[in-house]
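Participant: quick check, what structure comes out for this input:
(one chain, ligands or ions: 1)
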Amino acid sequence: MPAAGAAPVRRLGIDVGGTKCLAVVLDETGAVVGEERRPTPHGPQAIVDAIVALVDECRPFTSIGVGVPGLVTRAGVLRAAPNLVDTTDFHVREMLGERLGVAVEVDNDATCAAVAEWTFGAARGSSDFVLVTLGTGIGGGIVAGGALQRGANGFTGEIGHMVVDPHGPPCPCGRNGCWERYASGSGLGRLAREVAGEGRLVRVVELAGGDVAAVRGEHVQAAAAEGDAAALAVINDYARWVALGLVNLTNILDPQMFVLGGGLATAGEMYLAPILRWMTQLLYAPELRPHPQVVFAEWGERAGAVGAALLPTVR
Ligand SMILES: [Zn+2]
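Facilitator: Reported below is the predicted structural model:
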């Protein structure tokens, strides 16, 4: 409890996404007591203006944190962000600090989501877990040995760019066959379009309006929910790609659990059994070790903003 007369805790967190900026205010128990959003404009100056406007709508606050997508240095500089237009070398912490006159914590959005799940979500109390966001791409946040991992530069957790097939499709990062080409939400759509092109996904194509090129992950999910065997086969194939990456991460980090978030996690139960089955097949010495748990994120689309609000508590 705050001391008598002290201002109540109001932690402000802002998640800058590819299309929208979401702001939340948390009280000391982690309850969301305020929420505002705005479209994400183009370029650093316009983004700073949008954040400042959100901050003004959420006053008063006792601390502020911001999550941004891409490579974020420990000094709060966004080095590269494929989903934000014209933002190379965006000095987020410095520009915001000058405008607002207060210290601003800045980190990668998936790292923020890991903080949200660690403090008030699915990974509460865990000393070793990996948060994996399965969305347009794949983001990662890592807690190991009870500590949030940031790496030498702040770039820890770019797990979506681990190569699983050097002869695979090109990735915006410049390489080929990155995990996120297969195991993200868009990866599911791509896998489905390949199969649909061979004429094997009649119901899925029907749900996509009869156009193979329009097939997306959600059409596969909808057909699989109806029990369509061909769609379930695609889900199984997709689950193998997800499991492959989770097992690679297990070999490196030996986590207690994976927390799956992002758009796909909303229909997570459909994927859980095949993912666990493939993990059992792919794990090193599966009969001689505890298998990492696979659970789903609890914070949904608010994870990044909630974790950004909590950044000052984990430094
Ligand atoms: Zn890549």
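
Participant: let me know the secondary structure of the residue nearest the centre of the chain.
Facilitator: For the chain, Thr133 is the residue whose C-alpha lies nearest the centre (C-alpha atoms, centre = their mean; 3.2 Å). Three-state assignment for Thr133 (DSSP: H, G, I helix; E, B strand; the rest coil): strand.

Participant: give me the beta-bridge partners of it?
Facilitator: Gly139, Gly261 (DSSP bridges).

Participant: quick check, it in contact with Ile159.
Facilitator: No. Thr133 lies out of contact with Ile159 (C-beta atoms under 8 Å); the separation is 9.6 Å. The way it works is simple: take the backbone N, C-alpha and C, and place the C-beta from them, glycine included.

Participant: okay, and the common contacts of the two?
Facilitator: Jointly contacting Thr133 and Ile159 under the rule C-beta atoms under 8 Å, 6 or more residues apart in numbering are 139-140.

Participant: dump the residue contacts of Glu35.
Facilitator: Counting by C-beta under 8 Å, 6+ apart, Glu35 touches 22-25, 302.

Participant: try 10 Å this time
Facilitator: Residues near Glu35 by C-beta atoms under 10 Å, 6 or more residues apart in numbering: 22-25, 57-58, 302, 305.

Participant: mind putting the residues you listed in JSON lines, secondary structure, neighbour count and distance to Ala147 included?
Facilitator: Shown next, in JSON lines, are the contacts of Glu35 (DSSP: H, G, I helix; E, B strand; the rest coil; neighbours: other C-beta atoms under 10 Å; distance: C-beta to C-beta, whole Å):
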{"residue": "Leu22", "secondary structure": "strand", "neighbour count": "22", "distance to Ala147": "27"}
{"residue": "Ala23", "secondary structure": "strand", "neighbour count": "27", "distance to Ala147": "27"}
{"residue": "Val24", "secondary structure": "strand", "neighbour count": "25", "distance to Ala147": "25"}
{"residue": "Val25", "secondary structure": "strand", "neighbour count": "24", "distance to Ala147": "27"}
{"residue": "Glu57", "secondary structure": "helix", "neighbour count": "14", "distance to Ala147": "34"}
{"residue": "Cys58", "secondary structure": "helix", "neighbour count": "20", "distance to Ala147": "29"}
{"residue": "Arg302", "secondary structure": "helix", "neighbour count": "18", "distance to Ala147": "24"}
{"residue": "Ala305", "secondary structure": "helix", "neighbour count": "34", "distance to Ala147": "23"}
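
Participant: in CSV, list those along with pLDDT and distance to Val205.
Facilitator: Formatted as CSV, the entries for those read as follows, by pLDDT from 0 to 100; distance: C-beta to C-beta, whole Å:
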residue, pLDDT, distance to Val205
Leu22, 97, 34
Ala23, 98, 40
Val24, 98, 39
Val25, 98, 45
Glu57, 97, 44
Cys58, 97, 45
Arg302, 95, 34
Ala305, 98, 37
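
Participant: still on that earlier bit, give the contact list for the residue nearest to the centre of the chain.
Facilitator: Listed by C-beta under 10 Å, 6+ apart, the contact set of Thr133 reads 109-110, 113-114, 139-141, 159-160, 180, 184-185, 259-265, 297, 303-304.

Participant: just Ile138 next, same as before
Facilitator: 110, 132, 158-162, 178-187, 242, 245, 262.

Participant: and the residues you listed, which of them are in strands?
Facilitator: Using DSSP state E, the subset of the contacts of Ile138 located in strands is Val132.

Participant: distance check, Val55 against Gly101.
Facilitator: Distance check for Val55 against Gly101: by C-beta to C-beta, to the nearest Å, it reads 11 Å.

Participant: of the two, give the one with the bigger neighbour count.
Facilitator: Legend: neighbour count by other C-beta atoms under 10 Å for Val55 and Gly101, higher for Val55 (21 against 7).

Participant: how about the residues of the stretch 151-300 of the chain by the ion?
Facilitator: 161, 171, 173, 178 (C-beta under 5 Å from the ion).

Participant: how much space between the closest residue to the last one other than its chain neighbours and Asn248?
Facilitator: Leaving aside its chain neighbours, Cys178 sits nearest to Cys171 (4.1 Å; criterion: C-beta to C-beta, 6 or more residues apart in numbering). Here Cys171 is placed at a distance of 16 Å from Asn248 (C-beta to C-beta).

Participant: would you map out the domains in the chain?
Facilitator: The chain breaks down by automatic domain parsing into domains covering 11-116+302-314, 124-297.

Participant: most tightly surrounded among these?
Facilitator: For those, the largest average neighbour count (mean count of other C-beta atoms under 10 Å) is found in domain 11-116+302-314, namely a mean of 20.

Participant: biggest separation within the contacts of Glu35, which pair?
Facilitator: The largest separation in the contacts of Glu35, counting by C-beta to C-beta, is between Glu57 and Arg302 at 16.4 Å.

Participant: burial of the nearest residue to Glu28 once chain neighbours are set aside, as a residue count?
Facilitator: Nearest residue to Glu28, sequence neighbours excluded (C-beta to C-beta, 6+ apart): Val9, at 3.9 Å. Neighbourhood size, Val9 [other C-beta under 10 Å]: 16.
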